[in-house]
Structures are given as structure tokens and as C-alpha cells.
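> Here's my sequence, what's the structure:
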Amino acid sequence: MATATKTKAKVKPLADRVVVEPLEESEEMRGGLYIPDTAKEKPQQGTVVAVGPGRLSDEGERMPVELETGQRILYGKYSGTEVTIDGQDLLIIKESDVLAVLG
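Numbers count the residues shown, from 1 in each chain. Now for the predicted structure:
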């Protein structure tokens, strides 16, 4: 996780955007079968590594983001934009694309 800490300082999302580190799916299934990279589904869980300040309302007031760094979240399958920063794959998504906070 030291890499995620470094990344937080280098990536500052705007408005109601959140930077997420997707959780990698394990290569082996319960039955002992190996899944090739091409057959794996996109991860839908991740850890929040940076949070924007929130969007502005029509009245000009800042609406703070409800998420915090370090939280594990569930997000929509095709949400956000994938980026690679310092060799680390990250996802930048809107707060509204987050479906739930896990555990």
C-alpha cells in the first residue's frame, strides 16, 4: 500500500470525483482452475485512494463527498476512466457511480 500513499499526493481529483485502486481478482478459482487474463471480468471493488472536494450546487455551495480514503467500495462495472500513474492502475469515477461502501 506504500504505492497508494505516494499516488494520493500526486493525484488530486476534481469536484465529486474519486480515485480508486481496483482490487485484483485472484488467479485461481475455488475449484483450483486457473483463469486467463482474457477471461477475467473487470473488478467491481476497490479501495479509495483520493477524494475530490465535492461538486458545487446551483447556489454555489460546496457539496462534500461522502467517501473517505481507505474505504473499500463497490462500483458499477463500466464506471469511470482507467488511468496508469507511476505504473499503478487506477480508476477515476464520480461519487454517484459508487454503489456501496463495504465492511
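> wait, what's in contact with Met63?
Asp16, Gly54, Arg55, Leu56, Ser57 (C-beta atoms under 8 Å, 6 or more residues apart in numbering). The C-beta positions use only the backbone N, C-alpha and C, and glycine is treated the same way.
> taking the residues you listed one by one, which sit in strands?
Arg55, Leu56 (DSSP state E).
> Show me which of the contacts of Met63 is closest to Tyr78.
Lowest distance from Tyr78 to these (C-beta to C-beta) belongs to Asp16, with 18.5 Å.
> Point out the other helices and strands that the host helix or strand of Leu91 packs with.
Counting by DSSP states H and E, the element that carries Leu91 is strand 88-94. Of the remaining helices and strands, those touching strand 88-94 by 3 or more C-beta pairs under 8 Å, 6 or more residues apart in numbering; DSSP states H and E are helix 2-10, strand 17-22, strand 81-85.
> swap the cut-off to 10 Å and go again
helix 2-10, strand 17-22, strand 45-51, strand 72-75, strand 81-85 (3 or more C-beta pairs under 10 Å, 6 or more residues apart in numbering; DSSP states H and E).
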